[in-house]
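[1] quick one: sequence and predicted model below, then my questions.
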Amino acid sequence: MSVALTAVTGAAYGARNPKKIEESLNYAVKLLLLIDAAILSAMVAFAPQISTIFTYTEASAVIYDEVAKTIKITAFILLFAPLGVSSASVFQGMGKGERSFAITVLRSVVSQFLLPIYLQFPSDLKVFCWVSF
């Protein structure tokens, strides 16, 4: 999706057609939100089955419940992905690679580093945070 959005944005930007840029961004965000909502629903619904993949041995079975909770919590990060990916692709298509890079780095730092650390510290939650998007 991001490769297509970059190409469409580049063509619209070259043609000096900001309306086409806005339309393509809106379409991409809506489509990606629908796809992510379906994936999120599946992850939440099948969290116990997914966690079995990671806790099938006797030694790892003790973390089964925590893994299932973690999958349910971290799945909601998917709702924020379409906006970041789409806006980075639009900036890249417009020849503003620095902004695209900044959005990608911020998204990676927040979702893969800061958020897991934040969610891991409260000992009341006992949540393992595995975010690797």
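    Perfect, thanks for sending it.

[2] who touches stretch 98-106?
    Stretch 98-106 has contacts (C-beta atoms under 8 Å, 6 or more residues apart in numbering) with 84, 87-89, 91-92. (Each C-beta comes from the backbone N, C-alpha and C, glycine too.)

[3] again with stretch 7-16
    Stretch 7-16 is touched from outside by 18, 20-21, 24-25, 89-90, 92-95, with contacts defined as C-beta under 8 Å, 6+ apart.

[4] check which residues of that stretch are buried.
    Judged by neighbour count using 16 or more other C-beta atoms under 10 Å, the buried positions of stretch 7-16 are 8-10, 12-13.

[5] how about stretch 98-116?
    Neighbour counts using 16+ other C-beta under 10 Å place 100, 103-104, 107, 110-111, 116 of stretch 98-116 among the buried residues.

[6] same thing with stretch 19-28?
    Applying a neighbour-count criterion of 16+ other C-beta under 10 Å, the buried positions in stretch 19-28 are 21, 24-25, 28.

[7] could you export those residues as TSV, including distance to residue 41, pLDDT and secondary structure?
    TSV is the format used below for those (distance: C-beta to C-beta, whole Å; pLDDT from 0 to 100; DSSP: H, G, I helix; E, B strand; the rest coil):
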residue	distance to residue 41	pLDDT	secondary structure
21	31	95	helix
24	26	95	helix
25	24	93	helix
28	20	93	helix
